[in-house]
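K.L.:
Give me a model of this one.
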Amino acid sequence: MPGKRLQPPRYMVHWKARVLTPDKKIYPGLIKEVMRTGFNLEFHQALPLDSTINIEFAFKYRGEAVKVRARTNVEYCLILANNGGVEIDLSINTIASEHQHILNNVMQTFANASNINLRTE
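P.N.:
Model prediction:
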């Protein structure tokens, strides 16, 4: 069973990430969606449900680079067919309040965008 998906709305992004797995190794990943409660990650390997994953990523906000670090939990993990990688939903466990505030502002901007649709649900 792959677990339970995080609740929508889900917004498309393309943020390169560094992922610290439970075995204390760092791997590249790609955040494909951001949600109020977490992230959807494209990754190269399956991770155990309920495991703790540290994630680090950066994006531009109001013209400046913002580097975000969060401690997350694996809620959903699906191995994709044809060597398509793994789709993982990570719920936020711990994040700096400043970074959560910025993420909330980004999602509000996405929700208010009338000329493009970034929702994926």
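K.L.:
C-alpha from now on. contacts and neighbour counts both.
P.N.:
Fine.
K.L.:
Let me know the pLDDT of residue 2.
P.N.:
At residue 2, the predicted lDDT confidence score is 80.
K.L.:
Verify the stated contact: it with residue 76.
P.N.:
Yes. In this structure residue 2 lies within contact range of residue 76 using C-alpha atoms under 8 Å: 5.3 Å.
K.L.:
which residues are in contact with both of the two?
P.N.:
residue 49 (C-alpha atoms under 8 Å, 6 or more residues apart in numbering).
K.L.:
part of a helix, is residue 99?
P.N.:
Yes. With DSSP: H, G, I helix; E, B strand; the rest coil as the criterion, residue 99 is part of a helix.
K.L.:
Could you report the distance from it to residue 78?
P.N.:
Separation of residue 99 from residue 78 (C-alpha to C-alpha, to the nearest Å) stands at 28 Å.
K.L.:
and what of residue 48?
P.N.:
11 Å.
K.L.:
And the lengthiest strand in the chain, what does it pack against?
P.N.:
For the chain, the strand that runs over the most residues, judged by DSSP state E, is strand 64-79. Applying 3 or more C-alpha pairs under 8 Å, 6 or more residues apart in numbering; DSSP states H and E, one finds that strand 64-79 contacts strand 52-61, strand 86-95.
K.L.:
Identify whichever of these lies nearest to residue 110.
P.N.:
Between residue 110 and those, the shortest gap by C-alpha to C-alpha is with strand 52-61, which sits at 12.6 Å.
K.L.:
tilt between that closest one and strand 64-79?
P.N.:
Per axes from the mean of the first three to the mean of the last three C-alpha atoms, to 10 degrees, the angle that strand 52-61 makes with strand 64-79 is 140 degrees.
K.L.:
So which helix or strand of this structure has the lowest pLDDT on average?
P.N.:
Sorting the helices and strands of the chain by mean pLDDT, DSSP states H and E puts helix 97-112 at the bottom, at a mean of 91.
K.L.:
For that one, buried residues please.
P.N.:
When burial is assessed from 16 or more other C-alpha atoms under 10 Å, helix 97-112 yields the following buried residues: 100, 103-104, 106-107, 110-111.
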